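Enquirer: Pasting the sequence and the predicted model now:
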Amino acid sequence: MPNHTVRAYDDELEALDRKIAEMGGLAEKMLSDAMGALSDFDAKLALEAIDSDPRLDLLQREIEEQAILTIARRQPVAADLREIVAAIRISNDLERIGDLAKNIAKRAIKISPEMRTPRCVIGLRSMHDLAAMLLKDVLDAYAQRDVERARGVWIRDADLDALEDSVFRDLLTFMMEDPRNISFCAHLLFCSKNLERIGDHSTNIAETLVYFVTGEPLPMERPKGRSSISASPMRVV
């Protein structure tokens, strides 16, 4: 971050960074709690994830308001303007990640009484591990202004798409094996889509970071399909 003649300007930019870091940490915890609730049928963890969402929403609004005030007050150009706009865009993506984690937590509460086949969740755990890693990596990339690490997140989103395809096939198989599985497997399908969308938002953050640092956008199309992991089913019988 460049030093400006007016120290208060630097303070405003640093404050945006701190709020983004706080949002990122909260979004990571919400995702972890939501998946823990789904894996362990833990309603307490699910409620913790849900209860964290208002704080995430508040931080997003504070970042947006502070960024708009900074633009009005300082009239930034070039890299400074990109940095402030990036903070707004990244805060929006983090707020959506929190919403998606909250959705998983809500479904965990709904299906815990009827969960009869814990093996159905195994593929979702793999999706969570990768989605959580992408989120962590892109937040670290933002903190360090690391363009190459951000590009790595952008590329690895394809792995999460492949895992979602695998989980989709597995859950359909569980439904066909026993019609009593249909209800909670349908909920798990929504959870897998939420995890895939979390990967998309991490990719959005990566794209924003690359543009903020370099002034050059990544390609319009995100990576699709497989990059390094197999899309074969991960069923455990």
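Expert: All right, it came through fine. Numbers count the residues shown, from 1 in each chain.
Enquirer: Which residue ranges of the chain form helices?
Expert: Secondary structure of the chain, counting by DSSP state H: helices at 7-40, 43-74, 78-111, 122-144, 147-177, 182-214.
Enquirer: Need these in CSV (columns: distance to residue 221, mean pLDDT and mean neighbour count).
Expert: Where you see a C-beta, it was placed from the backbone N, CA and C, and this is true even at glycine. What follows is the helices of the chain, written out as CSV (distance: least, C-beta to C-beta, whole Å; pLDDT from 0 to 100; neighbours: other C-beta atoms under 10 Å):
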stretch, distance to residue 221, mean pLDDT, mean neighbour count
helix 7-40, 25, 94, 19
helix 43-74, 27, 96, 17
helix 78-111, 18, 96, 21
helix 122-144, 18, 96, 20
helix 147-177, 11, 94, 19
helix 182-214, 11, 95, 21
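Enquirer: got the contact list for residue 221?
Expert: Taking C-beta atoms under 8 Å, 6 or more residues apart in numbering, we find residue 221 in contact with no residue.
Enquirer: How about residue 89?
Expert: Going by C-beta under 8 Å, 6+ apart, residue 89 touches 204, 205, 208.
Enquirer: same check, this time on residue 196
Expert: Per C-beta under 8 Å, 6+ apart, neighbours of residue 196: 127, 131, 160, 161, 164.
Enquirer: which residues sit in contact with the closest residue to residue 86 other than its chain neighbours?
Expert: Distances taken as C-beta to C-beta, 6 or more residues apart in numbering place residue 212 nearest to residue 86, at 3.9 Å, with adjacent residues excluded. For residue 212, the contact set (C-beta under 8 Å, 6+ apart) comprises 79, 82, 83, 85, 86.
Enquirer: Go again with 6 Å.
Expert: 82, 83, 86 (C-beta atoms under 6 Å, 6 or more residues apart in numbering).
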